[in-house]
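In: sharing a model that was predicted from the sequence below.
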Amino acid sequence: MSIDLSVYGAAGLNTEAIAELVQSMPGLSAVSSGGSAMVRAIRGKQQLPWFTVDGPFAVEDEDLPAEVTARSIGTKWLYQIRIEDTSEKTISDADRFGRKLTKATDGVLVDEQTGQVWPKTSKRHVPRPKVAGPVDEIVLRWCYLVDEAPDDVAARYLRLARLFLPEALPRRYGTYEPFQGNLERDGDAGFAEFMNADDSDLVLFYGKFPVIIGTLDGRTRGPGRTRAISLTLDRQAFNDVAWRGALMRFFKAMAAELGCFFASAEVQRPGRMISGVMSLQLHEEGYYPTIRGEWLGLPAYPVWWSWYSKPYADLVHQYCHGASQNPDGSIFHFWQEESADRDQLRALLQDPEAPWIPAELSQQGDETTQRASVMPSNLDG
C-alpha cells in the first residue's frame, strides 16, 4: 500500500531544484532517476528508500480539483509524492516535504487518502479599494440565441465558474433586493430552476470580489431570441497576469459552451464605489447589445476582447488583426495583454477618427440607439 500526496503549483521546478529541497531536510538525501522527472528521497547511511517525487506535469484547469481552484490562482503544474514505506516517520517527513514544495511552488497540497487540503486559507484574496471613489470596471458580456443554446445554460455557467473563476458563482441571486436565492442553501438545481422559471426576468447576482455583480436573462423571458449574461469586475485586480489568465479562460470557455454569436470584454470608466460596494451607475456610457430580446448590433467602438461565431466572424475577421480561429470557425480577438479602455484602443488604429469596423455593422445614434443595418441573417429579425 502506498500513500500519495499531490502538490498543485504555480511554479515548475526542475529535478535539481526538487533534489535540493529534499536535501534541505535533516537526514535526507536525493537521487535523480536518470532521464526521468522522478526524484527519490533516501534516509541515512543505510540509504533507506523514503519517498519519491514525480513531476512537474502540466495540468489543465479541467483537471484541477474544485478545492484547489477555490484556494489558488495560476496553477499550472502537478507534483506527486508517493510513500512506499508507510511508517509514521516516513509519512511525517513526506508531509513536511510536501509543505515545503507547496510553499516553493506557491501551490496547494492535497492528501489523496483523506482529501485534506493545505493551506486552509485561500490564495485568491484580492484587496478591495480602501477609499470609496470612482474606479474603472471590466464588463464581460456573452450573447446567444435562446433557441440555439443548450438547455442547461445555468448548469454550464456554474460548472465553468467553478473551473476558472469561482468568484463569479452567484452566491446570492434574485430579481429584486433583497435577493431571494442563495446558492449554498438552494444548490445548483435551485439556481437553474429560478433562472428557467416562466416568469423569470433579468436575474441579478452577487459574486465574490473582484467580481462585483452579474446579470442573466431568464431563458423564457419576454420577446425576442437574444439572451445575454454579463459580469462586472474591478479592473485593477486583473493587472495581475494570473488573474487575467483565469478571466480569459473563463471568457472563452463560456463563449464556446453557450454557442455565443458574440461576446465582449470592455473597460468602462469609472464605476462608483460606495462603501466598498460597486454600484451600477457609470460615468461612461456602456455598450448594451440587446433591447427586449432583440439584437442591436456590434459596439461602435473597439473593445478589449471580442468573440464572434460564424457567420459574424466572416464579416469582421479582416478588422481583427491577429485573431485566433477556433475549429468551429469562431474567432477570438484581443488588442493587447493589459486591459485597455476605448480611447487607448482607438489610439492603436491606423485612423483613430474612423470607425473601427464598417459603420453598418455597429449600433448607431447618440440619444437613441439604432440597430445595425448589416448583421448575419439569423440575427436580423
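Out: Nice, I can see it.
In: contacts, neighbours, all on C-alpha from now
Out: OK.
In: ignoring the adjacent residues along the chain, who's closest to residue 118?
Out: By the measure of Cα to Cα, 6 or more residues apart in numbering, the closest residue to residue 118 outside its immediate chain neighbours is residue 109, 5.0 Å from it.
In: swap that for residue 119, please
Out: If you skip the residues right next to it in sequence, residue 119 has residue 108 as its closest partner in space, 6.5 Å away by Cα to Cα, 6+ apart.
In: ok, the one you found touching residue 5?
Out: No: in terms of Cα atoms under 8 Å, residue 108 does not count as a neighbour of residue 5; the distance is 10.5 Å.
In: so for these two, which sits in the more crowded spot?
Out: Neighbour tally, residue 108 and residue 5, criterion other Cα atoms under 10 Å: the higher count belongs to residue 108, 28 against 22.
In: what's opposite that one in the beta bridge?
Out: Beta bridges link residue 108 to residue 8, judged by DSSP bridges.
In: roughly how far does it sit from residue 89?
Out: Between residue 108 and residue 89 the distance, using Cα to Cα, to the nearest Å, works out to 22 Å.
In: could you do residue 12 as well?
Out: Counting by Cα to Cα, the gap between residue 12 and residue 89 amounts to 28 Å.
In: those two: which has the busier surroundings?
Out: Using other Cα under 10 Å, the more surrounded residue of residue 12 and residue 89 is residue 12, with 20 against 11.
In: helices of the stretch 201-350 of the chain, start to end?
Out: For the stretch 201-350 of the chain, the helices defined by DSSP state H, counting those that start in this stretch cover 241-257, 312-316, 342-346.
In: and the last one, what does it pack onto?
Out: If I follow you right, that is helix 342-346. Counting contacts by 3 or more Cα pairs under 8 Å, 6 or more residues apart in numbering; DSSP states H and E, there are no secondary-structure elements packed against helix 342-346.
In: returning to what we had before: tell me which of the helices of the stretch 201-350 of the chain lies nearest to residue 301.
Out: Shortest distance between residue 301 and those, using Cα to Cα, is found for helix 342-346: 6.5 Å.
In: check contacts around residue 5.
Out: Contact criterion Cα atoms under 8 Å, 6 or more residues apart in numbering gives 80, 81, 82, 95, 98, 109, 110, 111, 112 as the residues in contact with residue 5.
In: if we use 7 Å, what do you get?
Out: By Cα atoms under 7 Å, 6 or more residues apart in numbering, the contact list for residue 5 reads 80, 81, 82, 110, 111, 112.
In: surely the first one touches residue 54?
Out: By that I understand residue 80. Yes: between residue 80 and residue 54 there is a contact under Cα atoms under 7 Å: 5.1 Å.
In: shared neighbours, these two?
Out: With the criterion set as Cα under 7 Å, 6+ apart, the contacts of residue 80 and residue 54 do not overlap.
In: what's the most distant pair in the contacts of residue 5?
Out: Within the contacts of residue 5, two members stand farthest from each other by Cα to Cα: 82 and 110, at 12.3 Å.
In: who's more crowded, those two?
Out: The neighbour count for residue 82 versus residue 110, taken as other Cα under 10 Å, is higher for residue 110 (23 against 20).
In: give me the pLDDT for that one.
Out: Looking at residue 110, its pLDDT is 95.
In: and residue 282, by the same measure?
Out: As predicted, residue 282 sits at a pLDDT of 53.
In: what residues does stretch 215-230 touch?
Out: With Cα under 7 Å, 6+ apart as the test, stretch 215-230 has contacts from 139-147, 195-196, 198-205, 214, 231, 292-295.
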